[in-house]
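Enquirer: I would like to see how this sequence folds:
(2 chains)
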Amino acid sequence: MNYRRLLLPFLLACAAARAADLPTLWAERLKSVVAVEFYTETETERRPTISYGTVIDRNGTIILPSIAVNPRLTPDQLKEFRVYLPGSSTGVPAVYLGQDALTGWHFVRAAESIRSQLVPITVFAAKSDAEPAMAEDVWGIGLRNKDEDFMPYLLGSRIALVQSLPQRTAIALQEVAGPGLPVFNRAGEFIGLASSSFGQSFVQFSRMDRSGTPVILVNVEESSAFQVAAEVLPYLGRIPTNVFGRPLAWLGADGLQPVDPDVAKFLHVENQSAVVVSEVLEGSPAEKAGMKARDIIVAIDGKPLPRLKPDRVVVGYVDREVERRTPGTPIVITVLRGEQKQELTVVLGDEPRLMSEAARKYFDRIGLTAREFVYGDAVGLRVKAKGATGVIAHFVKPNGPASVAGLHTDDWIKEIDGVEVTSFEAAAQKLGEIEADLQRAEFVMLVSRGGETAVLRVKLK
Amino acid sequence: MLRFVLLGLAFGAVSATAAMSKGFNQLFDAVVRIDVREIAFEDGAKRFSASIGSGVILSADGLILTNAHVASPRAVELSVTLASLERVSAKLVGWDHWTDLAVLQLDQAEVKRRGLKFTHAEFGDSNRLYVGQTVYAVGTPFGLTRTATRGIISNNNRYFEDSNGVNGYETGAFNTWLQTDAAINPGNSGGPLVTEDGKVIGISSRGYLGANNLGFAIPASTAIRVVQALVRDGVITRSYIGIVPSALQDLEGFYALALNTGVLISSVERGSPAAKVGLRAGDILLAINGTKVDGRFPEQLPPIQNLIASTPVGSTITLTIKRGPLTSDYTVVTEKLESRVGEEWVLEKWGLSVRKVSRTFARVNQLDDSTGVFVIGVQPGFPADVAGLSRGDIITKINQQPVGSLEMIKGIHAAYEAKPAPVLVEAQRNHQVSLYVLKP
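Expert: Coordinates of the predicted model:
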C-alpha cells in the first residue's frame, strides 16, 4: 500500500478552539467515537481491517462508512468484529448487521458490556437545522492506529464550501475528522459526519534521486469533507434487518448519463437537469412500465431533476430517489422521448439476487471459486438473463491449476467436461467430483470471456 | 515479448553464383522502391504522412506487387523508382489486407512518353521450398534503394494471425508465412524474397523488432492467387460464416476423436450465419461440404479458413459437426467477409474523425447493429472536443436521425458548413448513451 499517514496530530490554533470549554466538550463527545476492527477471510487470505465508527443509539449500534468493506466480499467473509474505545488496547466483540443501500453505511452492534460507555451522537444534535456557514470554525476527532491504542486527537478547520453531491456536503480548508467520525461546531453541536475519499493528496519528490518518479500520498485516515447533519440524523433509523440490507428497491433503468447544460437547452429543459437511460433492463419494473432505452428522465413524482454541479451528480440523485423508496411503491417518472414528454408510473420491484448473495464454493485443488450466475452477471455480459446458465469464476488462485489453464477471474464457465452447466448446484457437484477423484489427471472447461469462448484444459497432476 | 512489426524484407545477393545468374539479374532490375504519401483521418483533421516500401514488377504493362501495409486505399500519391533510378507515378489496382498484398500499376502513358525501360520478375514454386534453402530478399531497407540480403528459409509454414496487423486491419487468417533469416529492415516491405535463380517465392512483409533475423514473407502460392483476383476484380471477396476455429492439439481424447480429425470451434460470433443455425463454441467441425478437415495444429487452420472463404458469397455450405456423442450436418449460407475497420472520414468543421461501424465491428463490440460511426479522434478546441466527444465514442444519431452511413453524417456536416447551427449528437461508450451538442 502506498498510503501513508502524513499528518501528525494537529492542534487548532484559532481563538475558538482555545475556549475554556473545549476540553469538556471533547471528553463528552469522545464517547460517540470508536474504532472497529474485523477480519476479511478470502479463499487464501485472512487480513484485518480497521475502520472508524460513530455511535448512533443506546443499543450499541455503530455506523461505518461504506468504504470500510470491499464490495466484492460477502457478509459471511467478514469475521470477528471488535469495537475499541479511543485509547483502549482491548476491544469487545460486535456483530455485523449489514449495509444500508441509501446511505451506504455499514451497521455494527457492540456487545452489551461496552454500551454504558457509549453515547449516541444524537445527544449532541443541534437545536436548529441550519447548515454550517462559510468560514465557520469546526472541529472533530481523529484516531491513531491500533499500535497506539487508537489514541484520539483533535482536528479542526473552517468551512470553505457547502455543496450538493447530491447530499449536502461541507468541504473544509483541511482535515476535520477521521472518515466516518462526527464533526462539531464550536458550541459542540453535531454538524456532520466526515466522508471517506476526501483526504488530501500530496506529491512527494525524491531528494535522493533527481529523476525519480514522484509518489502520490493520500491521507486516507483523515477527511476534509463531511455530510451535514441533515443528511445523517434522519437516516439513523435505517438499521438493516438482514446483512444484505433488503428490501432493496429496483427500477431497472441502467447506464444513466447526465446531460450537460447545452444539451438541456437544446432539449428545452433549462434550469434543471436530466439523465439519459442507456438501457432498460430485461424484466425490470421500468420495462414493465414502458420505459425505453434512450428515454430522457426529466422529473420524478412531478419534481424536475435539480441542476447539480458537476453534471454527473444528478445520477446519484436519481439513484437515491429509488433507494429511499421501498419495493411495491409507485413512482412517477417523466421522460422525454423524441419531442414528447411522457409520464410513466413504475411500481418499484425487488432488486434481483445480488452477487454478494450468490452461492459460491471454493475448490482448492482446482484453485477456483465457482459462483452462482446472477442477474447482474447477465447485465454485465450483455446476455439474456432468462435462461442463462453457467457459473462465474469468482476467484482464481494465482498459479493454481485453473489459472495455469488460462482461466481468469469473472470468466463465465459454461461447460465442465463437455456437460453444460445448468445450475450452480450441478457445477459444484461436478467440480467436487473432479476434485475428489485423485486419479484424475485433467478436465476441460468451456469458458466465455468478452463474448469469446475458449476450451481450457485444466491439468490436475 | 517480442513485438511483431511490419517491416519488409531485404534480400542479400553477393553470392558469386547468384550474381552470375541471368535470372537473378533480371529480378534485381524488376525490384522497385515505392514512395507513398498517405492521408490519415486521425485527431479530427486530415493529415498526410510519407513512407517508403518496396515492390516487384510482375508484367510488361507495369503491374507491381507490394504489401497492403505499403500501399493501401489511404495512399494519395504513389511514386515508383525503377532500377534505372527513374521515377514514375503509379496507381493502386487493389489491395487485400488479409494477405497483406497490394497491386499497383505504373502510369503507362508516362512510361511510354518518357520511353522508360524495365524488366519484370517471375514467380517460383513456394510449395517446393525446403528449410535451409538459400534465399535472397531485395528491397529498400531504410530507403537504401535496391539492397539485397541473403539468408535461408527458416520455416516454410509459419502460422501467424493478427487482428490489427496491417495498419489496424486484420491479417493472417487465410495464409501461413515463410520465415527467413535474410536481414529484414523497415522499408523492405513489399520487396520480393527470391531463390538463387531469381524466382519470386515470397513477398517480404514483416519481422520481429528487436530480434535477430526473424523475418516473414507471404508465399508466392498465396500471392499468385491474390494478384490474379486483384487484377481481375480490384478486390478479393471472401465468404464468412462466423466460426473461430482453433487447433485441437491434444484434445482428441477428450472429444473421443481419432487423431488428425476435425477442428475445434472455439467461438461462434453473435448473429453470424453459424450462430443462426445453432452452432456453438465447443462443437467439433469434422467436414466442410463433405471434405474432411484436420485442424490438429494451428498451422493447419488457414487452409481450413480458406476452404470456407473461397466459396462464393451467399452459397450454401454443409458443415458436419460433432457435439458430444452426436454427429449431424448443419447447412449455413455464407455472408460477405467484412473487416472490423470501416471507411474513415474527417468532418473538419467539427474537428471530428470517424470510421463507419462495420458489421464485424458491431459483433465484436456487442452492438445491436452496424448503425453509427466510431470516433477515431477529435481536434482540441473544435466543436466535437468542446462538446465532450472523444475517441471511442460511437455516434448513433445526429439530430435524432440514425446514422446509417458515412454519407448521412457528411450531409449534415455539409449543411452545418453552409449554415452553422447547433447539432444534437447521440453517442454511446461502453453501452452508456450520452447526448452532446456541437455548437458553432
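
Enquirer: ok, residue 74 - how many residues close by?
Expert: Looking at chain A here, since you left the chain open. Neighbourhood size, A:T74 [other CB atoms under 10 Å in any protein chain shown]: 17. In short, each C-beta sits where N, CA and C put it, glycine included.

Enquirer: could you do chain B instead?
Expert: 17.

Enquirer: Could you measure from it over to chain A?
Expert: 29 Å (CB to the nearest CB, to the nearest Å).

Enquirer: That residue: what's it in contact with?
Expert: Counting by CB atoms under 8 Å, 6 or more residues apart in numbering or on different chains, B:R74 makes contact with B:38-40, B:167.

Enquirer: Among the residues you listed, which has the minimum pLDDT value?
Expert: Among the contacts of B:R74, B:N167 carries the lowest pLDDT, at 83.

Enquirer: Without its sequence neighbours, what residue ends up closest to it?
Expert: Leaving aside its chain neighbours, B:N167 sits nearest to B:H69 (5.3 Å; criterion: CB to CB, 6 or more residues apart in numbering or on different chains).

Enquirer: from memory the one you found sits against B:W98, does it?
Expert: No. Under the criterion of CB atoms under 8 Å, B:H69 makes no contact with B:W98, lying 11.9 Å away.

Enquirer: List just the nearest of the contacts of B:R74 to A:A130.
Expert: B:A40 (60.1 Å; CB to CB).

Enquirer: Contact residues of the stretch 51-200 of chain B facing chain A?
Expert: Applying the criterion CB under 8 Å from any CB of the partner chain, no portion of the stretch 51-200 of chain B neighbours chain A.

Enquirer: where does the stretch 51-200 of chain B dip in pLDDT?
Expert: Within the stretch 51-200 of chain B, no stretch has pLDDT under 70.

Enquirer: Pick out the residue in it sitting closest to chain A.
Expert: B:S163 (11.2 Å; CB to the nearest CB).

Enquirer: neighbours of the spatially closest residue to that residue that is not a sequence neighbour, just the number please.
Expert: Leaving aside its sequence neighbours, B:S163 sits nearest to B:E170 (CB to CB, 6+ apart; 5.3 Å). If you count neighbours by other CB under 10 Å, B:E170 ends up with 19.

Enquirer: what's B:E170 in contact with, if anything?
Expert: B:97-98, B:162-164, B:339-341 are the contacts of B:E170 under CB under 8 Å, 6+ apart.

Enquirer: got it, and B:I39?
Expert: B:46-48, B:74, B:76 are the contacts of B:I39 under CB under 8 Å, 6+ apart.

Enquirer: Pull out the buried members of the contacts of B:R74.
Expert: In these, burial by neighbour count holds for B:38, B:40, B:167, counting by 16 or more other CB atoms under 10 Å in any protein chain shown.

Enquirer: quick one: secondary structure of the residue of chain A found nearest chain B?
Expert: Closest residue of chain A to chain B, CB to the nearest CB: A:T453 (3.3 Å). Secondary structure state of A:T453, per DSSP: H, G, I helix; E, B strand; the rest coil, is strand.

Enquirer: Let's see if you can find the most crowded of the contacts of B:I39.
Expert: Of the contacts of B:I39, with other CB under 10 Å as the count, B:R74 tops at 17 neighbours.

Enquirer: Let me see the contact set for the spatially most central residue of chain B.
Expert: Centroid-nearest residue in chain B, with CA atoms, centre = their mean: B:H97, separated by 1.5 Å. Shown in contact with B:H97 (CB under 8 Å, 6+ apart): B:68-69, B:72, B:166-167, B:169-171, B:339.

Enquirer: What separation do you get for it and A:L30?
Expert: Counting by CB to CB, to the nearest Å, the gap between B:H97 and A:L30 amounts to 71 Å.

Enquirer: Can you lay out the contacts of B:E170 as a markdown table showing secondary structure and distance to B:S310?
Expert: What follows is the contacts of B:E170, written out as a markdown table (DSSP: H, G, I helix; E, B strand; the rest coil; distance: CB to CB, whole Å):
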| residue | secondary structure | distance to B:S310 |
| --- | --- | --- |
| B:H97 | coil | 17 |
| B:W98 | coil | 12 |
| B:D162 | strand | 21 |
| B:S163 | strand | 21 |
| B:N164 | strand | 24 |
| B:S339 | coil | 18 |
| B:R340 | coil | 21 |
| B:V341 | strand | 22 |
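
Enquirer: Kindly indicate which of these lies nearest A:P330.
Expert: B:R340 (45.8 Å).

Enquirer: Would you confirm that the closest one contacts B:V357?
Expert: No. B:R340 is beyond contact range of B:V357, at 9.6 Å (criterion: CB under 8 Å).

Enquirer: Now for the closest residue to A:V203 other than its chain neighbours: which residues touch it?
Expert: Leaving out its chain neighbours, the residue that sits closest to A:V203 by CB to CB, 6+ apart is A:P214, at 4.9 Å. By CB under 8 Å, 6+ apart, the contact list for A:P214 reads A:203-206.
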